[in-house]
Structure formats: structure tokens, C-alpha cells
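Peer 1: Structure, please.
(chains A and B)
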Amino acid sequence: MSARGDQQPQAMGLARPRTGSMHMELDGQTGHQAHTARRGGWLGEDHLSFFTPSYLRQSRHVQRLHRAYDEHVAEVQEHARLNPPKPQSLSASSSNVNLHKMHAAHVHQQRPVVQDILERHPPLSEEVDRSHPLPTRWSEEDKMVGLEIQGEGTEVRFGGVTKTSDEAASIRVDHPMPKECGIYYFEVTILSRGKDGLVGVGFSTRKAALNRLPGWETESWAYHGDDGYCFAAQASGKAYGPRFSSNDVIGCGVNFRTGEAFFTRNGVYLGVAFSGIKSEKARYYPSVGMKKPGEHLRINLGRTPFVFDINHMMKQERQTTLANIAKADVSTLHPPDDESTLIHKLISQYLAHEGYVDTAKAFAKDVHDQEQSLSDEPQPFSPPDSDDDIHAVNRQKIRRSILDGDIDRALKYTSSYYPHVLEEERNRDVYFRLRCRKFIEMMRRHTDLVTATSSPATVTKSVDSLASNGHARTDHNRTEEDEEEDEEDGQDTQMELDDQLHREASRPLEVPSDDIDMDASQELPLKASFMKKDDLLSSALEYGRELQVEFGSDPRQQVKKELQDLFAIIAYPNPAESPIGALLDERGRGRIAEEVNGAILVSLGKPSSAALEKLCAQTEAMLDEAAAKAGGAAALVNVRDDFLRP
Amino acid sequence: MSRTPSTATPTWHHFERKLEDVKPSKTDINYLVMDYLVTNGYPAAAQKFAVEANIQLTTDLQAIQERVDIRTAIHSGDIQVAVEKINELNPQILDEDPSLHFALLRLQLVELIRVCMDTPGSDITSALDFATSQLAPRAPTNPQFLSDLERTLALLIFPSDKLDPALASLLDPSLRKEIATRVNQAILQNQGARKEARLRNLVKLRAFAEKKARDTKKDIPDTLDIGLVGDSNNTSNSNDLATNVSDILMSNNSDNDHTVS
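Peer 2: Residues are numbered from 1 along each chain as shown, chains lettered A, B, ... in the order given. Purely as a prediction, here's the structure:
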């Protein structure tokens, strides 16, 4: 008993929740210092790459965790790049916990430092912790003395001895099961069960003591191998499933919607074991306990495929949820509108808001025709109020220009239709990004030519995009007079401008008509495009310098960083495949087009997003709130994948 | 739904920030709109939208038009025409869905009876013949069919100005609308498409999400305007909308009574 008395406080002490201060401290460490921090506690937090359990692929929560992880990795890499490690850090860079614990110093692996840091650092930060990460491995702290962790944190082996009949050694994993997953499932393989051994598989909160099997302690639930009973926080259990022993795979799942837990044995579902599992406040950790020396278990938290077809169960659960959603009452959303009236209003408003003028009219007509077919009294069609049309048309032109990659045209339109919008202080960033986009477009055209020269098939396309788009050469010549003229001459100039720009717009940049195509390929052999290419580069450089002069003095770090990234494009022979390749993505056009559109809308006294967008965002945000609080059905829905995607 | 004025809740800001974070992409919204136009049959709008929003139309317009023609036929009571058109598309659609087929035949009977009722003293023989030859043989296969048939024939017995509401509802245009919607879904499903537009699901999800979020007693604004006020095409209303929305969103005051009408 004395041994037990000694052990308990220790175990309990280790079982305390990991404190924020420790993590902050660790996070504060710069990359090259990381190797010096060799305290027991956080070695247990060693993390391998992010993994998504198969049944959680559609989970919004897990997708978000993944994004956060990727961002973190990028940060750490950036940090490592900026702070090259001191040479000696390599010598101490083994991150293999077990090797370290076994004092096998001679097996130090020479690992790249970045990888080393990555594996230690990511999920440690406070922020990520609050975001309820997935369990990844056995906890080094939250375990009974005598338990030894092996196999990269997946295996646990009991090497100690137990004194009394009810004494045991239990362990929990590093993070609680996030209820945002809806259902959480894991499997434990019994690698070896000791003679007359006893293994329990289940889950518990941090309140459950670790010197007894889960199931017997307060706030713990488990399925025991010796009798096949399941125990819900008390010493007497109920008959549940078959006994289990060496080589059996025991699965355990918690459904946070129903508050039920179930087990599986070797892929066979054994039915609901517990119900009434409250998920509002408590945090449950997968846990196992064992009694005899040599007992040895391996946990699968989803890094490898499961024996039980949990994917199917998850699919059914999602279908149940979707069926419930289909029954939702929409009449309270925008009374007195019924569903289709509401949808039609949402669509009309979106089309008008975005400046899809022709579509808006066609839709109004289609809807009118549909209603007419049901009605005995014919009503003439009256097109929607067109007061807004002029603005919608203007905005549509500006958007089209940006989407075509013709930033100059967009700037001209904007400055003539809405002369002051881009000058407003609040739109300074929009203006900045629009100007930056022009640089990107120049570099894109340049890159196109470079690639074109190496693959003749695309020459004509690139040459044409240059030829039909004189801006490449005249970009920096867009003189102040031009702009003044635009503003002074008012309506006439505007029509002229429209006319002139319309002609340009009507000639697609990327899809040359056949004859242009032929002409271009005949008249401009490869050599010529080399020349153009250099012209293009030098005008891009010149424009880059203009940008630097205009925005370089902006004190904000963000602006500096954006300019820096921008100019880095020049450094890569093939920027599209460089680390900053995303900058050149055509989708960037869409984003800036929306920002400009939004800025104009706000200047016209309208909300920057349409009701339909708002409705989407509200839905997502409310599902998040509900899922974070109670898990359940709200956790299983993925707005993007289930409702927005084909 | 209780819409009491809010007390100051700092978490609103949290929620509002979140709204910005989870804003959907325009690509997603455009897809949503296009999907609705195609699924629910608005071919002219779909065509324009493909051009204006630069979206590839994955369905050919002819296929949408065929569904629209069938819908129009049903809406105008030309059930015979509709059935023929459906069978031209694919006879399996009705063969494999007896319940839908019966619903169409029943609607056809309603239309025949409507003609009799509208022209006093007219012959009801054709309606009865139709009921005997087309509906009666199918009625025994399903108790619901039988009761539907009986209810429909009751229209012939009661004077048209003294129908009880349940019977009168058979003559309401909403029955045509409902059947047309079912037919549209059946055709889509038969063609391997999703039978319901994503946008319909999303609107329901919006209602569902609000209920779930309020059930958890999370601090979300008491009034969640979806941003539609009156006729969305109206300029002056749009301006109201801007103020209204920003009032609701920005204000922490309890004396704010902007509710959506």
C-alpha cells in the first residue's frame, strides 16, 4: 500500500492539465534554441505530420485544424529560414522519444533541423490547443508509473507490478476527443495480455485516477477484457460483449449527438454500451488500463485504417443529420416568404448586387413565366426596376477587366465612373492590391512568354496576348493627362472610353480568333518573342520601382511583406512553380475584383456583401458555435462540401 | 421565435468577426446560383449567367427546356401533354414510380372535373370514364391511391360552392405546382442529377443552424437579419438595407428595434 500511496500523488500530479505557461514558454523559443529544451514534459508532445482519420475527412473541424497546421508549418519553415541553426544543434536533434528515454544516445539520427522543429512544435501553441486538436498519441505525462511508451507514442507496455487486486495502471492520450468531430472513434490492439491479465479499453476525464482500470473510477467508462463487461464509473458493470485477449482489436466510439458510446471487437459492432454521456463541459480522453507485467497495447487514433468500418457509420450519421436538416422550417427566416419566394429574392438580390444585369433580367422573366403558367389571369411582364442598372453595368465592366487581367482598364473605368472611391483612405489597401495585381499580371505575361519559348505549342497564344494588349508596353506611359482628360470631359469622354475599352474588351485576351492566331504564328517567330519578353520584363521592373516609390514608405509590416513577396517573383525563372506561385494564380483576380466591387458598393451606400453570402456565413458561424458547444448534428455538416460544391 | 431586444453582449463582436472569416467565395455562391437555375428550370437566366459570371454550363440548355415545357404543361393543366412529354424523355420515369404516375393521373382527373364544374350542365361522362379506365385499376395496389381517388370523385358530388376546405384544396393551383415539382425531381433523378437544388438545402440548413445555435444558448445576436428587406431590386430599399443591417450588426444598444418586416 505504501507504494501505491507514493505513486498516486505523482500520477495525479502528472495528470494535471498541461498549463498554458509551459507552452507559451516553448513557443517563445526560436528554432535554433529548440534543441536545448529537453524537459520531460514536452517530449511527449512530439508530433509527427498531421493526419486525418478516414471517417473525419469531411469534418469541418478537422479541415480547419489541418489548415492551421499547414500555416504553422509554413511559419516555422520561414522562421528556420530566417534564423539558420547553429551547427551543434544537429548533434542533439534526435526526436525519437523512446530512443531518448532508453538513453540510446549513440543512435542519434542526423535529421534536418527544420523537420526536427516541425515535429516538436506545431500543436503546442496555446491557440491550436484552444482549437481542440485531435488526439495523436499516448501522453507522456498523463500515465501511471510503470507504463512505458513505445512505437512513436502508439504503444504502451506495463513493466511495473501491482500490489493489490484492484490496483492497475492506466494511461490517457494527449488530447481529449473533440466533440466537434460529431463521432470520435479509435481502436486498441491487444499485442500481449499477461497471464491472468486484465485490460480495459475506454475513455475518461482527467478526474479519473490512473491507478485503477478505467470504468471503475469516477468519470471513466470502459469495456473490460476478462469478463466482457462494461463499466460506467463504478465497480459493478453489466454484461456487454465477448471477452477479449491477445491479438484482439477493440474499438471504442463516442457519438456526441446521441451521447452514446459503443465498442467493436475485431471489426464487429457490439452495440451501445453507455448512454447519457454529457458533452457540454467534460473532456474525454481515450484511455486504457492494465494489470499484469508485460501487457502491451497499441492504439490507432486514425493514422492507419481501422478494422471496423467506421466510415460507413459516419456516413449514416451524416445522412441522418442531412435528413433532419431537410425537415427544417424555413418560414421564420424571412416571414412571410415561403421557401421559393425567399430563394428567388435571394437570387435576384445577389444578381443585382454583383452586377449580373442580364442574368437578373432573364431570371425575373423566367420566374414571371413560371408564375404565369399557374395563373388564369395573364399579367404583363414588367422588368425589374432599372435605377441601379447603370451602376451594375459599370461594376460589371470593372470586374470583367480585372478578371481578364487587364488592370489598367479596370483602373480607367474605376477612376472615370467612381473617381474618388480608390482615393478614400479606407480603400487604400484595395488600391494597393489592385496596383500590385498589375505587376503580377505583367510578370504572368512575361512568364507565359518564357514558357512559350520553351514549348512552341503555346507561342501563338502568348504572342497574341501581348499583341492584343498593348498595355504591356504602355503601362507606365499612362500619363496624368489621360486621367485628367477622363475626369474633365465627363460624359463624352466616358462614352468614348466605353467605346474604346469595349472594343478591347470584346477581344478576348487568351483566346485568339483563328486568323490572328495564324498571323501571329507566321509573323512572330520564336526570336521575336524573346525580344518582347525582355521588353516586358524591363517594363515590369520599371513599374515595380514605381510601386516601391508609392507604397514603400508605408510603415505597416503587412504592406512591406506584400511588396517583398511581389518583387520576389522576379527571382524565379518559373514563378508559377516557386514557393510564391500562389501569388500568380488567376484566382487572385477574382479576389481583388470582389474587393473593388465591395468598395464601390460601400461608396454607393450599400452593404458590401449580398444577402446570400451573408446567409452562408451566418450558417457556417452558427454551426461552429453549436458544434463547439455541444458537438452533435451541427458538427457533422460541412457547409462547403455538402452544400456549396458540386 | 423570441426576438427580444439585446442586452449588451461583447461576444457579438466575436460572432461578427467570425462572419467575416467564414465568408464564402464568389465561386461557391455562383455555383450555388447556377445550380438552382439549372435544377429548378430557369434556362434563359442560366444561359445569361454562364456568360456574365464566366461559368461553364455543364447541362445543355435543351435538357433544361424540356423540363420547363413539362412544368408549364402541368401548371396549365395539360396533364395529357405532360405525360406524353415525360414518356418521350424516358418511359421508365413513370414506370418506376407508380406513386408519381398515379398522382399525375389523379391530377388529370381533377382537371377533367374542373372543366365540368366550370361549364354548368356539362357531361361528366368523360371524367367518369377516365376514372374507371385509368385510376380504378391502380387504386387497389395502394390504400393511399384508393382514398385519393375517392376524395377526388367526391368533387363531383358536392356543389362547387360548398366544398369543404380539404376538397377545395384539390382545385387549388398549388396541387399542380406540387406535382410539377415532383415530376421535375423524378426526371432529374432519372438523369443521374441531384433532385434538389443545393440552395434549397442551404436555406434549410440556415434555419437548422440557427435553431441548433440557439439551443446551445450560445451568445449570438438576438436578431439575425439575413439581409433582405422588401423588394431587393428597389434602390431606396437597398439603402435602407445598408443602414438597417449595419445598425443591427454594429449596435450594442438595447433600444434598437430594427426587425425585418
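
Peer 1: Look up phi and psi at the residue in the stretch 251-400 of chain A that chain B sits nearest to.
Peer 2: Closest residue of the stretch 251-400 of chain A to chain B, Cβ to the nearest Cβ: A:Q349 (3.3 Å). Quick note: C-beta positions are derived from backbone N, CA and C, even for glycine. Main-chain torsions, A:Q349, degrees, to the nearest 10: phi -70, psi -40.

Peer 1: so it touches A:A610, yeah?
Peer 2: Yes. Using Cβ atoms under 8 Å, A:Q349 is in contact with A:A610, at 5.9 Å.

Peer 1: which neighbours do those two share?
Peer 2: B:G227 (Cβ atoms under 8 Å, 6 or more residues apart in numbering or on different chains).

Peer 1: so what pLDDT did the residue of the stretch 251-400 of chain A closest to chain B get?
Peer 2: Listed pLDDT for A:Q349 reads 91.

Peer 1: cool, and A:V62?
Peer 2: At A:V62, pLDDT is 91.

Peer 1: Secondary structure element for it, which one?
Peer 2: helix A:60-82 (DSSP states H and E).

Peer 1: Neighbours of residue 78, how many?
Peer 2: If you meant another chain, say so; for now it's chain A. 12 (other Cβ atoms under 10 Å in any protein chain shown).

Peer 1: think we crossed wires, I meant chain B
Peer 2: With other Cβ under 10 Å as criterion, B:D78 counts 17.

Peer 1: Flag the helix or strand of chain A with the lowest per-element mean pLDDT.
Peer 2: helix A:40-43 (a mean of 33; mean pLDDT, DSSP states H and E).

Peer 1: if I read this right, A:V602 contacts A:E595, doesn't it?
Peer 2: No. Taking contacts as Cβ under 8 Å, A:V602 lies outside contact range of A:E595: 10.7 Å.

Peer 1: So for these two, which sits in the more crowded spot?
Peer 2: Higher neighbour count among A:V602 and A:E595: A:E595, with 19 against 16, using other Cβ under 10 Å.

Peer 1: Endpoints of stretch A:205-217, how far apart?
Peer 2: 10 Å (Cα to Cα, to the nearest Å).

Peer 1: Now name the helix or strand holding the residue minimising distance to the centre of chain B.
Peer 2: Closest residue to the average C-alpha location of chain B: B:T181 at 6.9 Å, with Cα atoms, centre = their mean. Per DSSP H and E, B:T181 falls inside helix B:173-190.

Peer 1: That helix packs against which elements?
Peer 2: On a contact count with 3 or more Cβ pairs under 8 Å, 6 or more residues apart in numbering or on different chains; DSSP states H and E, helix B:173-190 meets helix A:357-374, helix B:61-75, helix B:79-89, helix B:92-95, helix B:98-118.

Peer 1: For it, list every residue counted as buried.
Peer 2: B:175-177, B:179-188, B:190 (16 or more other Cβ atoms under 10 Å in any protein chain shown).

Peer 1: Nearest to A:V145 among the helices and strands packed on helix B:173-190 would be which one?
Peer 2: helix B:98-118 (67.3 Å; Cβ to Cβ).

Peer 1: give me the low-pLDDT residue ranges for chain B?
Peer 2: B:1-13, B:218-219, B:229-261 (pLDDT under 70).

Peer 1: Spell out which residues make up each domain of it.
Peer 2: Per the record, chain B has its domains at B:91-190, B:225-261, by automatic domain parsing.

Peer 1: Tabulate those domains in CSV, adding columns for distance to A:D227.
Peer 2: Shown next, in CSV, are the domains of chain B (distance: least, Cβ to Cβ, whole Å):
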stretch, distance to A:D227
domain B:91-190, 51
domain B:225-261, 56
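
Peer 1: in the stretch 401-550 of chain A, what residue is nearest chain B?
Peer 2: A:L403 (6.6 Å).

Peer 1: any idea how far chain B is from the closest residue to that residue other than its chain neighbours?
Peer 2: The shortest distance from A:L403 to any non-neighbouring residue, by Cβ to Cβ, 6 or more residues apart in numbering or on different chains, is to A:R589 (5.3 Å). A:R589 is 11 Å from chain B, where distance means Cβ to the nearest Cβ, to the nearest Å.

Peer 1: could you point out which element follows the strand or helix carrying A:R589?
Peer 2: Using DSSP H and E, the element containing A:R589 is helix A:587-603. Downstream of helix A:587-603, the next assigned helix or strand under DSSP H and E is helix A:611-630.

Peer 1: wait, does that following helix make contact with chain B?
Peer 2: Yes. Using Cβ under 8 Å from any Cβ of the partner chain, helix A:611-630 reaches chain B at A:611-626, A:629-630.

Peer 1: Rounded mean pLDDT for stretch A:246-266, please.
Peer 2: 95.

Peer 1: okay, how far is it across that stretch, tip to tip?
Peer 2: In stretch A:246-266, first residue to last residue: 12 Å (Cα to Cα).

Peer 1: Report the distance from it to the chain centre.
Peer 2: 29 Å (Cα atoms, centre = their mean, to the nearest Å).

Peer 1: and if you look at stretch A:323-332?
Peer 2: 28 Å.

Peer 1: Tell me how far B:N190 lies from chain A.
Peer 2: 19 Å.

Peer 1: and that residue, what is it in contact with?
Peer 2: When contacts are counted by Cβ under 8 Å, 6+ apart, B:N190 touches B:89-90, B:92-93.

Peer 1: Buried members of the residues you listed into ChimeraX, please.
Peer 2: The following ChimeraX line selects those of the contacts of B:N190 that are buried, judged by 16+ other Cβ under 10 Å:
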select /B:89,93
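
Peer 1: Serialize the contacts of B:N190 to CSV and add fields for distance to A:V254.
Peer 2: Conversion of the contacts of B:N190 to CSV gives the following (distance: Cβ to Cβ, whole Å):
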residue, distance to A:V254
B:L89, 48
B:N90, 46
B:Q92, 44
B:I93, 44
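
Peer 1: Widest-spaced pair of the contacts of B:N190?
Peer 2: B:L89 and B:Q92 (9.4 Å).

Peer 1: my guess is the residue of the stretch 401-550 of chain A closest to chain B meets A:A593, correct?
Peer 2: Yes. Here A:L403 reaches A:A593: they are 5.7 Å apart, a contact under Cβ under 8 Å.
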